[in-house]
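S.K.: below is the sequence, then the predicted model.
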Amino acid sequence: MKKDNNILLTLKGITKYFGTHKALDNINLDVKKGEKVVIVGPSGSGKSTLLRAVNLLEKVEKGHIFFEKKEVGYRFKKGKRLLDSPKNISFLRSEIGMVFQHFNLFPHMTALQNVIEAPVTVKKMPKEKAVKIAEEVLAKVGLSDKKDSHPAKLSGGQKQRVAIARALAMEPKLMLFDEPTSALDPELVGEVFNTIKALAEEGMTMIIVTHQMGFAREIADRVIFMENGIFVEQGTPEEFFSSAQKNERISGFISSIL
């Protein structure tokens, strides 16, 4: 079988337990370069855990993660699964940006300082170059005028856009968004989604966990419905929302959040 050289991320048999609860149950996923995958589903279905497993914030019990065709995240010694070295994990996280529900900005730092922190400390980038990149990504998310503001002076939407800029400053090949608007007031949701949409239009590869069905319909190349740690249904937005009408569980979920 011909290999698809366009695959950026592959998950094979990813399984994660919390105690006796199986949070992820043999998840398999290929994500192509430039693809936008949106994952939806009820709370507790494993969506956020899956993103955290990709970024090695959660250790999994079984399965393999391949990034750019190379297995990453773990090494195997005498049959035991061990996390990879901190250096290798740090490198992988520089390639895979992640934006969380809660912004996790350093409160004592300005927007600009928050954005340059990782390139300088993780990538050992010269400060002048990091500042230039930070100014570019802050402009990209529409916050050039807020670069000297501390998080306390920013709205929730602005904080989340700084968090996106911070991830972009590492020049990642894949972006993970974990409910990026769930902590925002409704009127601030649009500005964050417009930022993500602009990145999508530039060709950024993304996996987005969200409850915003309109956004899933608009931005996704593929929508996946997840429940009880498994993928229940997936397809293009047209296929997904069409089949959702025939699937009582999915249509019930969608109507409950609209």
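M.R.: Received it, and whenever you're ready, just let me know what you need.

S.K.: pLDDT weak spots in the chain?
M.R.: 1-4, 258 (pLDDT under 70).

S.K.: please enumerate the helices of it.
M.R.: 47-54, 86-95, 111-121, 127-140, 156-168, 186-201, 213-219, 237-244, 248-257 (DSSP state H).

S.K.: of all those helices, which one is nearest Asp30?
M.R.: Asp30 lies closest to helix 47-54 among these, at 12.7 Å (CB to CB). Every C-beta, even on glycine, is put in place using the N, C-alpha and C of the backbone.

S.K.: burial check on Ile219, number of neighbours?
M.R.: 21 (other CB atoms under 10 Å).

S.K.: same check on Gly203?
M.R.: For Gly203, the count of nearby residues is 10 (other CB under 10 Å).

S.K.: so how far is Leu174 from it?
M.R.: Using CB to CB, to the nearest Å, one gets 12 Å for the distance from Gly203 to Leu174.

S.K.: isn't Ala23 up against Tyr17?
M.R.: Yes: in this structure Ala23 lies within contact range of Tyr17 using CB atoms under 8 Å: 6.6 Å.

S.K.: more neighbours: which of these two?
M.R.: Neighbours per residue, other CB under 10 Å: of Ala23 and Tyr17, the larger number sits with Ala23, 21 against 14.

S.K.: got the contact list for that one?
M.R.: With contacts defined as CB atoms under 8 Å, 6 or more residues apart in numbering, Ala23 is in contact with 16-17, 46, 49, 229.

S.K.: that one and Lys16: what is the separation?
M.R.: For Ala23, the distance to Lys16 (CB to CB) stands at 5 Å.

S.K.: got it, and Ala134?
M.R.: Look at Ala134 and Lys16: by CB to CB, they are 34 Å apart.

S.K.: neighbour count winner among the two?
M.R.: In this view Ala134 and Lys16 are compared by other CB under 10 Å, and Ala134 has more residues nearby, 25 against 22.

S.K.: count of neighbours near Ala163?
M.R.: Ala163 has 27 nearby residues by other CB under 10 Å.

S.K.: thought it was touching Gln101?
M.R.: No: Ala163 is not in contact with Gln101 according to CB under 8 Å; the separation is 10.0 Å.
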